[in-house]
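Colleague: Pasting the sequence and the predicted coordinates here, then a few questions.
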Amino acid sequence: MRRFQALRGVQQHVPSNIPSSSIPVLTHEQQQRSFSQPIRQRLPLSQPEQRNQQQKQHKQKKTNKSRGNRKLQRFRAKLRKRGLSRETIATLINNYNTSEQGNNDEQSTVSNMDVEQLISTRNHVENENIQRTTTITKRKREIRPTTGVTTSMSQMSLSHLPTKRQRSTTTKNNVISKKKTDNNPTVTDNKPKYLKVPDQIFKDMLSKALVGEQNIIELLLDTPEKLQFVRTYTHLLNNVFYLKLEENFWEHYNTVCMSEDIWSVPMVKDMAKQNNLCRFKFKTKIQLERHYALIVKRLREAENKLDQHKQQPMNRSFDMNKLSAILTAFVRQGQHKLSKEFERKKLIVQYDANDHRFVKAFYHLKPTENQIRSAKIIWQAVKDKLQAEEDVAILKQRIYAKRLPSSFSILDHSIDQMENMLKQPAINQDKRATLSFRRLKTIAQFKYDIMVLTISTAEETVRSHTNIIANEKKKLIDSANGQIPIPKSLIELMNAIAARQSNIVQRSQLILKQKLSVFDDAPMVVNMAGTVGAM
């Protein structure tokens, strides 16, 4: 009732000159809603009250704190966690801002910055004449000017492009996949890809492979249409020969499994693990038949595609018999490394099958528990010894080829304070070059000393395992209790142990030969600091 009287009082103060039509007529619901609201909200504010309210809102806006660029702060915090100095952090951020000035079309934020990319650039900061190449989406190798300072030994690494590492779900799977990669590299990596190379490179490959056939090659590839026809022909022929190699390999796989009784007398799973077999499991007969049928099907499809390609109208421009002979020789030569890899895989399968056979033969002699324990120790010591010998051979080859492990590159920039000191403009330029050379030479000598120490440790490991093998064999002989001659059963037992030992050695030597061949295929890197031993 009081609200209603107050509302009538307000209506009485309405000026009389306002027409009644301009006053809105409220419905019953609107009146009820208006009655439920406070009177203060419905009354118009006077000018002093409006000014006070605007001032309050203005103060509230001023009190809102500006906390700066949070993304930039987070990025700066990441750099601090890595132990970088303030000058280095400021340099990295300034370099990023400078590189982004030309990119007006793309608005990038600090969160999109590649932290690893920027941090890697700090190691290459030199004088004003050094040009930086910093991008967000793709890493690029920086081009450094030639100076009198020597190149670091960290650059002496294999030139093969690293394969993209797949993230594994567990550490166990990662270890298993790494072993598979080391022992059985992908064969398709050695398969030539003739459709992915530029036209000029394909012509050069064909010219180098077929010496003395330059005129014929130029006539075959004088038009773009002919070139495309020949390239496709080469690609299809390459697929056919590759699938034939696959077919031949799986036929050999089947023959080995049949001759070595892999399927008829399978190895017990626990026995395979206890004796640390080179290959725990072979393909079953059903799996092999399915895989072989798939290879045969692909081979037939590839041959059909090749026949269809030969029937194209473009074949009238060629002597198809001569073209087929030229490209067959070219593809055979291109698959030389591939065929050697398949031959190596065949030998590995044979050695693995022999490994199963020798273990079965050993247990067929019904050895005692002590003899089984000695045999396991001998075989494990042989494997560890071969692994140490492999490490020694690879390290010596790295020193000879001047290609150090990639893990050594961290030593090049481990003394950041000295790098910053050498950048000071107060130091004479000639003196700076001399000090930088001495620094690089000291680091290179340290790397060489570490590798020599590693080789000495591995060689000592080899000698230790050799002693273990000799001691265990002596225990087996002593188990005869001085009988002369040694019992025939013990001789057969020791021969079975030696047979598997010899098979393990031959398999390891084959794998080591393949690993060392990588150094022959990679290009040589020249080190400006001189010989490795003098570093």
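Modeller: Now that the structure is in, tell me what you want to look at.
Colleague: Pull out the buried positions in the helix or strand hosting residue 511.
Modeller: Using DSSP states H and E, residue 511 maps to helix 488-521. Going by neighbour count (16 or more other CB atoms under 10 Å), the buried part of helix 488-521 is 490, 493-494, 496-497, 500-501, 503-504, 507-508, 511-512. In this view, the C-beta of every residue, glycine as well, is placed from N, C-alpha and C.
Colleague: Quick check: pLDDT value at residue 329.
Modeller: pLDDT for residue 329: 89.
Colleague: average pLDDT for stretch 251-262?
Modeller: Here the average pLDDT along stretch 251-262 is 90.
Colleague: do stretch 461-474 as well
Modeller: Averaging pLDDT along stretch 461-474 gives 94.
Colleague: Ok, stretch 494-511 next?
Modeller: 94.
Colleague: Can you lay out the buried residues of helix 488-521 as a markdown table showing distance to residue 211?
Modeller: Below are the buried residues of helix 488-521 laid out as a markdown table (distance: CB to CB, whole Å):
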| residue | distance to residue 211 |
| --- | --- |
| 490 | 62 |
| 493 | 58 |
| 494 | 56 |
| 496 | 53 |
| 497 | 53 |
| 500 | 48 |
| 501 | 47 |
| 503 | 43 |
| 504 | 44 |
| 507 | 38 |
| 508 | 39 |
| 511 | 34 |
| 512 | 34 |
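Colleague: Low-confidence regions, the stretch 51-200 of the chain specifically.
Modeller: The model of the stretch 51-200 of the chain has pLDDT under 70 over residues 51-66, 95-189.
Colleague: Pretty sure residue 492 sits against residue 365.
Modeller: Yes. Residue 492 is within contact range of residue 365, at 5.9 Å (criterion: CB atoms under 8 Å).
Colleague: picking that back up, just give me the closest of the buried residues of helix 488-521 to residue 392.
Modeller: residue 512 (10.4 Å; CB to CB).
Colleague: Confirm for me that the closest one is in contact with residue 390.
Modeller: Yes. The criterion here is CB under 8 Å, and residue 512 meets it with residue 390 at 5.1 Å.
Colleague: which residues does residue 332 contact?
Modeller: By CB atoms under 8 Å, 6 or more residues apart in numbering, the contact set of residue 332 is residue 241.
Colleague: quick one: it from residue 489, how far?
Modeller: Distance, residue 332 to residue 489, using CB to CB, to the nearest Å: 53 Å.
Colleague: Ok, residue 384 next?
Modeller: 28 Å.
Colleague: next one: residue 302
Modeller: Computed as CB to CB, the residue 302 to residue 489 distance reads 56 Å.
Colleague: again, but for residue 300
Modeller: Separation of residue 300 from residue 489 (CB to CB): 55 Å.
Colleague: Keeping just the C-alphas, turn stretch 69-81 into PDB.
Modeller: Provided in PDB are the C-alpha atoms of stretch 69-81 (Å, rounded to 0.1, in the frame of the first residue of the first chain):
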ATOM      1  CA  ASN A  69      51.800 -10.400 -21.300                       C
ATOM      2  CA  ARG A  70      51.200 -13.700 -19.500                       C
ATOM      3  CA  LYS A  71      52.400 -15.800 -22.400                       C
ATOM      4  CA  LEU A  72      55.700 -13.900 -22.600                       C
ATOM      5  CA  GLN A  73      56.100 -14.300 -18.900                       C
ATOM      6  CA  ARG A  74      55.600 -18.000 -19.100                       C
ATOM      7  CA  PHE A  75      58.100 -18.200 -22.000                       C
ATOM      8  CA  ARG A  76      60.600 -16.200 -20.000                       C
ATOM      9  CA  ALA A  77      60.100 -18.600 -17.000                       C
ATOM     10  CA  LYS A  78      60.900 -21.600 -19.200                       C
ATOM     11  CA  LEU A  79      64.100 -20.000 -20.200                       C
ATOM     12  CA  ARG A  80      65.000 -19.200 -16.600                       C
ATOM     13  CA  LYS A  81      64.400 -22.900 -15.700                       C
END
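Colleague: so what does the helix or strand harbouring residue 203 touch, helix or strand wise?
Modeller: In this structure, residue 203 is located in helix 199-209 according to DSSP H and E. Judged by 3 or more CB pairs under 8 Å, 6 or more residues apart in numbering; DSSP states H and E, the packing partners of helix 199-209 are helix 214-220, helix 224-259, helix 320-334.
Colleague: rerun that using 7 Å as the cut-off
Modeller: Applying 3 or more CB pairs under 7 Å, 6 or more residues apart in numbering; DSSP states H and E, one finds that helix 199-209 makes contact with helix 214-220, helix 320-334.
Colleague: will you turn those into JSON lines that also has distance to residue 270?
Modeller: As requested, the helices and strands packed on helix 199-209 are exported to JSON lines (distance: least, CB to CB, whole Å):
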{"stretch": "helix 214-220", "distance to residue 270": "61"}
{"stretch": "helix 320-334", "distance to residue 270": "46"}
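Colleague: hey, least reliable of those by pLDDT?
Modeller: Mean pLDDT per stretch puts helix 214-220 lowest among those, at a mean of 72.
Colleague: Of all the residues in it, which ones are buried?
Modeller: 217, 220.
Colleague: got the contact list for that helix?
Modeller: 206-207, 210, 226, 230, 318, 323 (CB atoms under 7 Å, 6 or more residues apart in numbering).
Colleague: can you tell me which two in those are farthest apart?
Modeller: Pairwise distances across those (CB to CB) peak at 17.6 Å, for the pair 207 and 318.
Colleague: which one of these two has more residues nearby?
Modeller: A direct count of neighbours by other CB atoms under 10 Å for residue 207 and residue 318 places residue 318 higher, at 18 against 14.
Colleague: Spit out the contact partners of the more buried one.
Modeller: residue 220.
Colleague: do you know how far it is from residue 310?
Modeller: Residue 318 is 10 Å from residue 310, by CB to CB.
Colleague: And for residue 402?
Modeller: Plainly put, residue 402 is 49 Å away from residue 310 if you go by CB to CB.
Colleague: what does residue 449 give?
Modeller: Counting by CB to CB, the gap from residue 449 to residue 310 is 63 Å.
Colleague: who has more neighbours, those two?
Modeller: More crowded of residue 449 and residue 310, by other CB under 10 Å: residue 310, with 16 against 11.
Colleague: Which pLDDT value goes with the more buried one?
Modeller: 87.
Colleague: Setting aside sequence neighbours, what's the nearest residue to it?
Modeller: Once flanking residues are discounted, residue 310 sits nearest to residue 320: 6.6 Å by CB to CB, 6 or more residues apart in numbering.
Colleague: Give me the neighbour count for the one you found.
Modeller: Residue 320 is flanked by 12 other residues according to other CB under 10 Å.
Colleague: Give me the distance between it and residue 205.
Modeller: 21 Å.
Colleague: Please apply the same query to residue 79.
Modeller: Counting by CB to CB, the gap from residue 79 to residue 205 is 47 Å.
Colleague: out of those two, which sits in the busier spot?
Modeller: Per other CB under 10 Å, whichever of residue 79 and residue 205 has more neighbours is residue 79, with 20 against 17.
Colleague: Contact partners for that one?
Modeller: So residue 79 contacts 89, 92 (CB under 7 Å, 6+ apart).
Colleague: Work out for me the element it sits within.
Modeller: helix 70-81.
Colleague: Now do the buried residues in that helix.
Modeller: For helix 70-81, the neighbour count (16+ other CB under 10 Å) marks 72, 75-76, 78-79 as buried.
Colleague: circling back to that earlier point, give me the buried subset of the contacts of helix 214-220.
Modeller: 206, 210, 230, 318, 323.
Colleague: my guess is the third one contacts residue 221, does it?
Modeller: Yes. Contact criterion CB atoms under 7 Å: residue 230 and residue 221 qualify, at 6.3 Å.
Colleague: in the stretch 251-400 of the chain, which spans are strands?
Modeller: Counting by DSSP state E, counting those that start in this stretch, the stretch 251-400 of the chain has no strands to list.
Colleague: Could you break this protein into its assigned domains?
Modeller: Residue ranges for the domains of the chain, per automatic domain parsing: 75-99+109-139, 188-356, 365-535.
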